[in-house]
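Asks: Need coordinates for the following:
(chains A, B, C and D)
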There are 4 protein chains.
Amino acid sequence: MKRGSSKERARGRKRDAGLGRTSWVFSAYFAPSQSTGQEPEFTSRNTLCLLNTAFEEACVRLTVFHDDAEPVGPYEILVDPRRVRHQRINDLIEPEAVPLDAPFGLVVESDVPVVAQLYYFDSRGGALSASHLNPAPAD
Amino acid sequence: MKRGSSKERARGRKRDAGLGRTSWVFSAYFAPSQSTGQEPEFTSRNTLCLLNTAFEEACVRLTVFHDDAEPVGPYEILVDPRRVRHQRINDLIEPEAVPLDAPFGLVVESDVPVVAQLYYFDSRGGALSASHLNPAPAD
Amino acid sequence: MKRGSSKERARGRKRDAGLGRTSWVFSAYFAPSQSTGQEPEFTSRNTLCLLNTAFEEACVRLTVFHDDAEPVGPYEILVDPRRVRHQRINDLIEPEAVPLDAPFGLVVESDVPVVAQLYYFDSRGGALSASHLNPAPAD
Amino acid sequence: MKRGSSKERARGRKRDAGLGRTSWVFSAYFAPSQSTGQEPEFTSRNTLCLLNTAFEEACVRLTVFHDDAEPVGPYEILVDPRRVRHQRINDLIEPEAVPLDAPFGLVVESDVPVVAQLYYFDSRGGALSASHLNPAPAD
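Replies: Numbering: from 1, shown residues only, chains lettered A, B, ... in the order given. Below is the predicted model:
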């Protein structure tokens, strides 16, 4: 088992500082309110998957766009250096909870480059469907 | 709860004017005619998800390409400033309804940059499958 | 109902000649041999979705890469001007049928720019799953 | 049946040397530990699909990012010249097995350009869901 020698980390520092981008956009967010099966594995959800390969913390700020109201934000998510963070959108409550069963769009901005992808999970009606979505780059 | 101070909106005006592109293309549209479960949540569909982060209205024009007939369009969709709009393709009836159970392609053109993504939902045969698709950029 | 006036077609000729690219690559093709439900709607498959927005025919040539044998090709697919074509990979038999239940990769080359996307449909085990995949650009 | 004449291979050598990129990033990896149905077709999994169109072997090195521990790697995967390889992440055991039911991110680096895509398969709860995901480019 090997979790990165100091030499590798030095190499990594150069190589991995800032993979990705500082700005990403999704238009197709939608989180169903219904679910079938055990909590929390089978709860319908939208998960924003953030990878920070840099050696410094990433402060990610989300702005949520609605179809019938002004955009809401920023939602702040911190991602530790050299870590991935899978953030359920349903768990974001500040400045306000993101409504279920409604269309929304999402602008993701970070102070250091990150990679953002969406994991969608839908367990309505006794079935199960997972899907993945890439954002459009915005910078 | 915070829906964007005037300072933030001013910042946003510069930052968010025109995230995305004015032209996008999909080749893999297909909307099943069969569905299982309650209307409208479980109706099989293709939803075009448009995000307009700009402070002006976006006029989006679609051209639908068929496999056995001339392209049809434009279909016009207005997206309010700073809003997302999830438009079911099945609901477009002008200049003519888009046929179900047939392959089609889609060219999306907008007067201001938008982000376009597809949400596909299939509830045939008592099951449920959701998928997402990004367009190819066309400009 | 409006299928494109001559003025629009003239505008389109300039605008739409060659949306997309002449070369695309997929690494994640896999077509299950098992299916549940009625043929052909519920047959498991990989469908290559090609959109030709140009006013001339596109000649698309596929090369199929295997995990245990030399690449096979070219498979030729013609796409009429201003048309979409959804081609089931399972239906390609020249120069040889593409094996089911095996991993393969796909290089798509066209003499005029096209948009290529994958529609994956899996109906094994009485369930139903659809997914979409974009290629990597190769030019 | 035609598996590439020497003339075609010569043409291919120029054309296909190095389609893709040497560096790719995914943030949305997650492999469920539960499965329903026959092994191995119906085992839940994440499969990294690598296509090497070049005429030389590709040495691909993966670094796995966790949400609560240092990144682990490199995992080495060799892809033969002119071949595709679909590698189940669950089967990687050196330097250590990648945990199931946990979020992770993945940096893919190769000495020759390759195309990388993810095939996700989820058979929990008696259902079946497949999804595909493209990486973000990192170079």
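Asks: Can I take it that residue A:100 is in a helix?
Replies: No. Looking at residue A:100 with DSSP: H, G, I helix; E, B strand; the rest coil, it is coil, so not inside a helix.
Asks: for the nearest residue to it once chain neighbours are set aside, what are its contacts?
Replies: Once flanking residues are discounted, residue A:100 sits nearest to residue A:33: 3.8 Å by Cβ to Cβ, 6 or more residues apart in numbering or on different chains. In this view, the C-beta of every residue, glycine as well, is placed from N, C-alpha and C. Applying Cβ atoms under 8 Å, 6 or more residues apart in numbering or on different chains to residue A:33 gives the contacts A:44, A:100, A:101.
Asks: Which of those sits closest to chain C?
Replies: Closest approach to chain C among the contacts of residue A:33 (Cβ to the nearest Cβ): residue A:44, at 16.1 Å.
Asks: That closest one - how many residues pack around it?
Replies: Close neighbours of residue A:44, defined as other Cβ atoms under 10 Å in any protein chain shown, add up to 23.
Asks: Tell me how far it lies from residue C:50.
Replies: According to Cβ to Cβ, to the nearest Å, residue A:44 and residue C:50 sit 34 Å apart.
Asks: Quick check on residue A:31: phi, psi?
Replies: Taking degrees, to the nearest 10, you get phi -120, psi 110 for the backbone angles of residue A:31.
Asks: Could you do residue A:89 as well?
Replies: Main-chain torsions, residue A:89, degrees, to the nearest 10: phi -60, psi -40.
Asks: Just to check, it is in contact with residue A:31?
Replies: Yes. Between residue A:89 and residue A:31 there is a contact at 6.1 Å, judged by Cβ atoms under 8 Å.
Asks: Nearest to chain B, out of the contacts of residue A:33: which one, please.
Replies: Nearest to chain B among these is residue A:101, at 8.0 Å by Cβ to the nearest Cβ.
Asks: can you pull the contacts of that closest one?
Replies: Residue A:101 touches A:30, A:31, A:32, A:33, B:41, counting by Cβ under 8 Å, 6+ apart.
Asks: at 7 Å instead, please
Replies: Neighbouring residues of residue A:101 by Cβ atoms under 7 Å, 6 or more residues apart in numbering or on different chains: A:32, A:33.
Asks: Distance-wise, check the residue nearest to the spatial centre of chain A relative to residue B:84.
Replies: The structure's chain A has its C-alpha centroid closest to residue A:48; by Cα atoms, centre = their mean the separation is 2.0 Å. Distance of residue A:48 to residue B:84, computed by Cβ to Cβ: 16 Å.
Asks: and if you look at residue A:61?
Replies: For residue A:61, the distance to residue B:84 - Cβ to Cβ - is 18 Å.
Asks: What of residue A:99?
Replies: Taking Cβ to Cβ, one finds residue A:99 at 12 Å from residue B:84.
Asks: those strands in chain A, which residues are they?
Replies: For chain A, applying DSSP state E gives strands covering A:21-30, A:45-52, A:58-65, A:72-79, A:83-88, A:103-122, A:129-133, A:136-137.
Asks: Tabulate the ones you listed (CSV), appending distance to chain D and mean pLDDT.
Replies: Conversion of those to CSV gives the following (distance: least, Cβ to the nearest Cβ, whole Å; pLDDT from 0 to 100):
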stretch, distance to chain D, mean pLDDT
strand A:21-30, 8, 93
strand A:45-52, 4, 93
strand A:58-65, 12, 97
strand A:72-79, 9, 97
strand A:83-88, 4, 96
strand A:103-122, 4, 94
strand A:129-133, 4, 87
strand A:136-137, 8, 88
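Asks: Can you check which of these gets nearest to residue D:93?
Replies: Ranking these by proximity to residue D:93 (Cβ to Cβ) places strand A:83-88 first, at 20.5 Å.
Asks: And that closest one, how far out from the chain middle?
Replies: 6 Å (Cα atoms, centre = their mean, to the nearest Å).
Asks: Likewise for stretch A:123-135?
Replies: Distance, centroid of stretch A:123-135 to centroid of chain: 16 Å (Cα atoms, centre = their mean).
Asks: and that stretch, which residues are buried?
Replies: Within stretch A:123-135, the residues that count as buried by 16 or more other Cβ atoms under 10 Å in any protein chain shown are A:123, A:124, A:125, A:127, A:128, A:129, A:130, A:131, A:132, A:133, A:134, A:135.
Asks: One more: stretch A:98-111?
Replies: Within stretch A:98-111, the residues that qualify as buried are A:98, A:102, A:103, A:104, A:105, A:106, A:107, A:108, A:109, A:110, counting by 16+ other Cβ under 10 Å.
Asks: Widest-spaced pair of those residues?
Replies: Spanning the widest gap among those are A:102 and A:110, at 25.2 Å by Cβ to Cβ.
Asks: Would you agree residue A:73 is in contact with residue A:63?
Replies: Yes. Under the criterion of Cβ atoms under 7 Å, residue A:73 makes contact with residue A:63 at 3.6 Å.
Asks: Neighbour count: residue A:61 and residue B:84, which is higher?
Replies: Just comparing residue A:61 and residue B:84: by other Cβ under 10 Å the higher neighbour count belongs to residue B:84, 29 against 14.
Asks: Dig out what the residue lying closest to that one once chain neighbours are set aside forms beta bridges with.
Replies: Setting aside the residues directly before and after it, residue B:84 is nearest to residue A:105 in space (Cβ to Cβ, 6+ apart), at 3.7 Å. Taking DSSP bridges, one finds residue A:65 as the beta-bridge partners of residue A:105.
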